[in-house]
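Colleague: here is a sequence together with a model predicted from it:
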Amino acid sequence: MRTSPFLMGLLYLGMGTVFVVLAVQSAQVDMWSFSTIILMIVATFDIGVGVRMFLLHNRINKMKNKDSK
């Protein structure tokens, strides 16, 4: 069974949110520490992939609707 892009988008956005929260908590100690920067990079990657998954989901739905007409 395949996982839908919508579900994967939700998963990646959820993980991105968790990493943003961890980065904010880590930044309270030291803004430019190595761990804070890594957490921000991972959060950016996860949120970007989540948005791309939602766009892919919309594109697939448009193609399905176009074929069914």
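Modeller: The structure has been received and is ready for your questions. Numbers count the residues shown, from 1 in each chain.
Colleague: please identify the helix or strand for residue 52.
Modeller: helix 34-68 (DSSP states H and E).
Colleague: mind checking the pLDDT average for that helix?
Modeller: Regarding helix 34-68, the rounded mean pLDDT is 94.
Colleague: can you give me the buried ones in that helix?
Modeller: 36, 39-40, 42-43, 46-47, 49-50, 53-54, 57 (16 or more other C-beta atoms under 10 Å). Bear in mind the C-beta positions are built from the backbone N, C-alpha and C, glycine included.
Colleague: by contact count, what packs against whichever strand or helix holds residue 25?
Modeller: For residue 25, the host element (DSSP H and E) is helix 5-27. For helix 5-27, the contact count by 3 or more C-beta pairs under 8 Å, 6 or more residues apart in numbering; DSSP states H and E identifies helix 34-68 as packing neighbours.
Colleague: ok now the helix it packs on, how far from the chain's centre?
Modeller: Taking C-alpha atoms, centre = their mean, to the nearest Å, one finds helix 34-68 lying 6 Å from the centre of the chain it belongs to.
Colleague: before we move on, what about stretch 23-32?
Modeller: Relative to the chain's own centre, stretch 23-32 is displaced by 21 Å; criterion: C-alpha atoms, centre = their mean.
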